[in-house]
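*Asks:* Predicted model, plus sequence, below.
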Amino acid sequence: MASKPHAPLMKKHSQTDLISRLKSRKILGVGGEDDDGEVHRSKISQMLGNEMKFAVREPLGLRVWILISAVAFTVMAVMALVFPNQLYEVVFEEELSTTSISVRLYGGALLSLALIIWNGLYTAEKIVIQWTLLSEACYFAVQFLVTSITLMEVGILPNAAILLLLSRVFFLVVTLAYYYQLGRKLKKI
């Protein structure tokens, strides 16, 4: 027996066929409103429920604070990388006698922290925001200690350095306050 050649198979592109997609979603039970009036995009979201109840209640002004921190870290990093001698002179009111590589390394570290903080600005995950705030707080504490010890060793106390120290204490307190507020458990009423 001779076999007949088969006609080429025609594939249906259900992803582009709107009617077919709507029928499939209706059969699966997604896309329409449920009893609560919620529209689910997938069976998984329908099974898990509304993700809004899992959203983090952020303290007032948290995102603004993270934005201010990200901009400040980025600006300081660029200044340390591009103008290391001038940045040193502003803080310590004396010329940098050694090579400027240490100030540039400081700028690189600041830029790394700035990237972490920018990431914390755009995330919705509580743990990422907490780690961002904790990293920032650790930086401020370490910078306060290192600057204080350096100023005691040198024996000078310029106004710019005092302002730097006070600003670091302020930034540390505000960052730790947001960290504490974000980590608090809300009381059920």
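*Replies:* The structure has been received and is ready for your questions. Numbers count the residues shown, from 1 in each chain.
*Asks:* Tell me, please, the helix or strand in this protein that averages the lowest pLDDT.
*Replies:* helix 43-48 (a mean of 58; mean pLDDT, DSSP states H and E).
*Asks:* Beyond that one, next helix or strand please.
*Replies:* helix 62-82 (DSSP states H and E).
*Asks:* Name the residues of that following helix that come out as buried.
*Replies:* 62, 65-66, 69-70, 73-74, 76-77, 79-81 (16 or more other C-beta atoms under 10 Å). C-beta coordinates here come from the backbone N, C-alpha and C atoms, glycine included.
*Asks:* What is the biggest helix by length in the chain packed up against?
*Replies:* The residue-count maximum for a helix in the chain (DSSP state H) belongs to helix 126-154. On a contact count with 3 or more C-beta pairs under 8 Å, 6 or more residues apart in numbering; DSSP states H and E, helix 126-154 meets helix 62-82, helix 101-121, helix 159-183.
*Asks:* closest to V91 out of these?
*Replies:* helix 159-183 (5.4 Å; C-beta to C-beta).
*Asks:* List the contacts of that closest one.
*Replies:* 56, 58-59, 62, 65, 69, 90-93, 126, 129-130, 133-134, 136-137, 140-141, 143-144, 147-148, 151 (C-beta atoms under 8 Å, 6 or more residues apart in numbering).
*Asks:* What subset of the residues you listed is buried?
*Replies:* 62, 65, 69, 91-92, 129-130, 133, 136-137, 140-141, 143-144, 147, 151.
*Asks:* where are the low-confidence patches of the chain?
*Replies:* The model of the chain has pLDDT under 70 over residues 1-56, 92-93, 96-97, 185-189.
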